[in-house]
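Asks: this is a predicted model, with the sequence first.
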Amino acid sequence: MSATDHHALRLLYNEHNGWLKGWLCARIGNSSDAADLAQDTFVRLLLSRNADHVREPRTYLSTIARALMVDKFRRRAIEQAYLEALALRPESVEVSPETRLAILQTLEAIDTMLDGLGERTRKIFLTVQLEGLSYIATSERFGVSVTTVKKHMIRAMTHCLLLTED
C-alpha cells in the first residue's frame, strides 16, 4: 500500500468511523456488532485499495457496511436454524464442536451457491432437490414447460459445479 493510499484510508477512518458506527448501531441496535462491522468495512476498503478514489465516502462506506450486515444476518439465521434443528435431535446424539463448525461452513457455502442463482432457478432447483418432485410435477407447480424446468436445473447444477471447482 502506497503512502498516499495509507494517508487516504487514515483520513477516511478518522473522519467517518464514528459516523459509521452510529449508522450501524441505529440499524442493528448493538454497539459491539456495529463496531465490528465498522472495522470490517474499513478492512474491506483497505483490501480493495480504493480509499483515495472515494468521492462519496458515507455512501460508499454504508454500501460496504450494508453488504457486510446482510452477510452477518444471513450467517446468524443459518446458525440459528441449525441450532434449532440440533435441539430437536435426541440427547444421545452429540455433535463435536469441529463437526458443528464444518456443518455450519457447509451450510454457508450452500447458501452462497444458491444466492448466486436467479429466484425462479433457485426455487425450481430446491423443489426438485429437496422435495423430490419430478420435472413434470415441478413444471405443473410453476406453470412452465418441462423443458424450462430442465433448463433451470442445468443452469443451477452448472452454477454449483463451477463454484465447487474453485
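Replies: Perfect, thanks for sending it.

Asks: can I see the domain layout of this structure?
Replies: 3-84, 116-164 (automatic domain parsing).

Asks: dump these to a markdown table, plus mean pLDDT, mean neighbour count and distance to Pro97.
Replies: Yep, even glycine has a C-beta here, placed from its N, CA and C like the rest. Below are those laid out as a markdown table (pLDDT from 0 to 100; neighbours: other CB atoms under 10 Å; distance: least, CB to CB, whole Å):
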| stretch | mean pLDDT | mean neighbour count | distance to Pro97 |
| --- | --- | --- | --- |
| domain 3-84 | 86 | 15 | 13 |
| domain 116-164 | 88 | 15 | 25 |
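
Asks: next, format these as CSV and append distance to Arg100.
Replies: Shown next, in CSV, are the domains of the chain (distance: least, CB to CB, whole Å):
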stretch, distance to Arg100
domain 3-84, 8
domain 116-164, 22
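
Asks: just so I know, which of those domains lies nearest Thr106?
Replies: domain 3-84 (10.1 Å; CB to CB).

Asks: quickly note the distance from Ala156 to Val95.
Replies: 29 Å (CB to CB, to the nearest Å).

Asks: over to Pro90. Which of the three states is it?
Replies: coil (DSSP: H, G, I helix; E, B strand; the rest coil).

Asks: which helices and strands does the host helix or strand of Glu98 pack with?
Replies: Element membership of Glu98, judged by DSSP states H and E, is helix 97-115. Helices and strands touching helix 97-115, by 3 or more CB pairs under 8 Å, 6 or more residues apart in numbering; DSSP states H and E, are helix 57-87, helix 119-131, helix 146-164.

Asks: mind giving me the packing neighbours of the last one?
Replies: Read that as helix 146-164. helix 97-115, helix 119-131, helix 135-142.

Asks: for the second one, same thing?
Replies: Helix 119-131 is packed against helix 97-115, helix 135-142, helix 146-164, with contacts defined by 3+ CB pairs under 8 Å, 6+ apart.
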